[in-house]
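Student: Generate a structure from the sequence data that follows.
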Amino acid sequence: MALQISATNPEHPALLLDLPWHTPLEEWPEEYLVALPRGISRHVVRYARAGTEVVAVKELAERPATREYELLRTLDRMGIPAVDPLAVVTGRVDASGAPLEPVLITRHLGGSLPYRSMFETTMRPSTMNRLMDALTVLLVRLHLAGFAWGDCSLSNTLFRRDAGAFAAYLVDAETGELHERLSNGQRDYDVDLARVNIAGELMDLEASGALHPSVDPILFGTTICERYTDLWTELTRESVYPVDQRRDMDRRIRRLNDLGFDVAEMQIRHNDHGDTVTFVPKVVDAGHHQRQLLRLTGLDTEENQARRLLNDLEHWMATQDDYAPGDPLGARTEVLAHRWVREVFRPTVRAVPEGIRRTLDPAQLFHELLEHRWYMSEQARHDVGLDAATKDYVDRAPRV
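Tutor: Numbering: from 1, shown residues only. Next up, the predicted model:
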């Protein structure tokens, strides 16, 4: 069988042709390899240079290699943080013609390190907490997407700094399964596997003397499970509020933001009498709010501004008789969004004297008014309304 490099991008095979495919991976010459830290693996894994790229090469049988390649491509299309699959190489033989195992090739994630290597160094408690949070967020995101990992571990997870925070990335999807939706049993099994794997690796590091004495392997594994449960519950639970208590919904959105999640939209359902609403948030990728607000209203803002404005838009739409919550992105929503700009956004901004608002762009001013409304409502223990908040904001603003 001739050597075959299967890839979706036509540029990738050309980058990979010069690698020594007729040599077993564990015997590749040093001239091809890149010295980077890696976790433990049941397969032979090497980092190599292919043109300007650094790639991870893993030997495994053809069927699991192809399956993992397709799973990683699917996760990429879904926007899940995972390594980028480049190709599967089959038809490998050595110099004597004996068959060699196929390989899966992924792009090395620049600036990343395996979680396992992080615990071989001295870390401050705050850093450890951020690492745990990032790993928890990754596991929750996978489960929200219907992906059961089946092998979450410190070796199968990369981390890298992302704008001052830590982000975790899936490395190994060999045991993963994608479903339309995971059952509670599937999630619990996946989380328990993560607990056992993580605690086991930390015990291994402890036995070798590489783990800092302050890290308790059992406690760390258990804490991951607790944080997962808290985050999953916060993201997926339904909340029922009186229709006029929007500050309760605001408070929940803020908790989600503090946990590192953005709210793309809110599933809001009125009860039969119209006096309560059921609220379920949906989480999204970075930059979503800018794109969504620009599409719906034509307002071009920063991401945090867009998030706040969209939250207000969602609340306002839920009070309109012609709102269609079953079609949150449909034409009816676009009409309501433009009405919100005409009837809420622009009049509110114009209610602020020019001497106060001339130093702020309209989106930032409206954002500050919404923040002011939040704080006033918290103090008053009820929603004070946008008009009252705007008047108080103007009264308190320094005169120029």
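Student: Helices of the stretch 101-250 of the chain, start to end?
Tutor: For the stretch 101-250 of the chain, applying DSSP state H, counting those that start in this stretch gives helices covering 115-118, 125-144, 184-207, 217-236, 246-258.
Student: Would you mind measuring from Asn9 to Ile105?
Tutor: 11 Å (CB to CB, to the nearest Å). (Each C-beta comes from the backbone N, C-alpha and C, glycine too.)
Student: Neighbour count for those two, which is higher?
Tutor: Set side by side, Asn9 and Ile105 show more neighbours around Ile105, with 25 against 12, by other CB atoms under 10 Å.
Student: circling back: could you dump the helices of the stretch 101-250 of the chain to JSON lines with distance to Leu109 and mean neighbour count?
Tutor: Converted to JSON lines, these look like this (distance: least, CB to CB, whole Å; neighbours: other CB atoms under 10 Å):
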{"stretch": "helix 115-118", "distance to Leu109": "13", "mean neighbour count": "20"}
{"stretch": "helix 125-144", "distance to Leu109": "13", "mean neighbour count": "19"}
{"stretch": "helix 184-207", "distance to Leu109": "20", "mean neighbour count": "17"}
{"stretch": "helix 217-236", "distance to Leu109": "21", "mean neighbour count": "16"}
{"stretch": "helix 246-258", "distance to Leu109": "26", "mean neighbour count": "17"}
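Student: Nearest approach to Gly176 belongs to which of these?
Tutor: helix 125-144 (8.2 Å; CB to CB).
Student: between the closest one and helix 217-236, how big is the angle?
Tutor: Orientation check (axes from the mean of the first three to the mean of the last three CA atoms, to 10 degrees): helix 125-144 against helix 217-236 gives 50 degrees.
Student: For the nearest residue to Met78 once chain neighbours are set aside, grab phi and psi.
Tutor: Once flanking residues are discounted, Met78 sits nearest to Ala145: 5.4 Å by CB to CB, 6 or more residues apart in numbering. For Ala145, the backbone dihedrals (degrees, to the nearest 10) come out as phi -80, psi 0.
Student: what number of residues lie near Ala145?
Tutor: Ala145, neighbours per other CB under 10 Å, totals 16.
Student: Does it touch Arg77 like I think?
Tutor: No: counting by CB atoms under 8 Å, Arg77 is not a contact partner of Ala145; they are 10.6 Å apart.
Student: mind listing the strands for the chain?
Tutor: 4-6, 45-50, 53-59, 84-90, 103-107, 113-114, 147-148, 157-162, 165-170, 177-178, 239-242, 262-270, 276-284 (DSSP state E).
Student: Name the residues that touch the third one?
Tutor: By CB atoms under 8 Å, 6 or more residues apart in numbering, the residues outside strand 53-59 that reach it are 15-16, 19, 24-25, 34, 36, 38, 41, 43-49, 65, 83, 86, 100-108, 110, 171.
Student: Buried residues of that strand, list them for me.
Tutor: Along strand 53-59, these residues count as buried under the neighbour rule (16 or more other CB atoms under 10 Å): Glu53, Val55, Ala56, Val57, Lys58, Glu59.
Student: Go ahead and produce CSV holding the CA coordinates of that strand.
Tutor: Taking Å, rounded to 0.1, in the frame of the first residue of the first chain, the C-alpha atoms of strand 53-59 are listed here in CSV:
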residue,chain,number,x,y,z
GLU,A,53,4.6,24.5,11.7
VAL,A,54,5.3,22.5,14.9
VAL,A,55,3.1,19.4,14.9
ALA,A,56,2.3,16.6,17.3
VAL,A,57,2.6,13.1,15.7
LYS,A,58,0.9,10.1,17.4
GLU,A,59,1.1,6.5,16.3
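Student: just the angle between it and strand 84-90, please?
Tutor: Angle of strand 53-59 versus strand 84-90, following the same axes, to 10 degrees, is 50 degrees.
Student: Report the mean confidence score over strand 53-59.
Tutor: When pLDDT is averaged over strand 53-59, the result is 91.
Student: partners of that strand in the sheet?
Tutor: Using DSSP bridges, the strands paired with strand 53-59 are strand 45-50 (antiparallel), strand 103-107 (antiparallel).
Student: for those, which one ends up most surrounded?
Tutor: When the strands paired with strand 53-59 are scored by mean count of other CB atoms under 10 Å, the highest mean neighbour count falls to strand 103-107 (a mean of 23).
Student: still on that earlier bit, could you export the buried residues of strand 53-59 as a markdown table, including distance to Phe119?
Tutor: Listed next are the buried residues of strand 53-59 as a markdown table, based on distance: CB to CB, whole Å:
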| residue | distance to Phe119 |
| --- | --- |
| Glu53 | 28 |
| Val55 | 25 |
| Ala56 | 21 |
| Val57 | 25 |
| Lys58 | 23 |
| Glu59 | 27 |
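Student: which residue lies farthest from the center of this structure?
Tutor: Ser96 (47.2 Å; CA atoms, centre = their mean).
Student: ok, now which ones touch that residue?
Tutor: By CB under 8 Å, 6+ apart, the contact set of Ser96 is empty.
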